[in-house]
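Engineer: have a look; sequence and predicted model below, questions after that.
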Amino acid sequence: MALTTLPTSVLFCCDHNSIRSPMAEGLLKQSVGTSIFVQSAGVKGDMEIDGFAITVCRELGVELSRHRTRSFDDLMEWGDDLDSYDLIVALSPAAQRRALEYTRYYSLEVEYWQTMDPSGFGDSRDAKLNRYRAVRDQIAQRIKNRFLAG
């Protein structure tokens, strides 16, 4: 198995930066501390952080309640140059398309981690939480395999 060089900076992205990408940001930060700069964004930044995402991440000691959603456009407006990231991890097809657009202008590595959007599934609170936990655990496993294996 070839060793993958660890990036020094990672941007996770999804559709709204309210569930999947904040989960990934929080989980990676918990795992690597400040050894890798980690941020997240959405194609759109038009929603607040999802309460179920906050709940299931808190179960693992990851605090998301202070997370403020942001979009790619917000990052660029605030002067966060996308070319400063070594790796962009897209967690949705729309985010992958948006990230790949930037590869025309910047030298970026983009990975796509197919990850289901858990919102809108489940009839009860427990069913919804279980769906969010499954997504959280899938992201945590991908983080472990990509950044912590070896």
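Structural biologist: Nice, thanks for sending it over. Residues are numbered from 1 along each chain as shown.

Engineer: just the strands in the chain please.
Structural biologist: 9-14, 37-42, 87-90, 109-112 (DSSP state E).

Engineer: packing partners for the first one?
Structural biologist: Strand 9-14 makes packing contacts with helix 20-32, strand 37-42, strand 87-90, helix 93-102 when contacts are defined by 3 or more Cβ pairs under 8 Å, 6 or more residues apart in numbering; DSSP states H and E. Where you see a C-beta, it was placed from the backbone N, CA and C, and this is true even at glycine.

Engineer: could you redo the last one with a cut-off of 10 Å?
Structural biologist: If you count contacts as 3 or more Cβ pairs under 10 Å, 6 or more residues apart in numbering; DSSP states H and E, strand 9-14 packs onto helix 20-32, strand 37-42, helix 72-77, strand 87-90, helix 93-102, strand 109-112, helix 125-143.

Engineer: what of the second one?
Structural biologist: Using 3+ Cβ pairs under 10 Å, 6+ apart, the elements in contact with strand 37-42 are strand 9-14, helix 20-32, helix 72-77, strand 87-90, helix 93-102.
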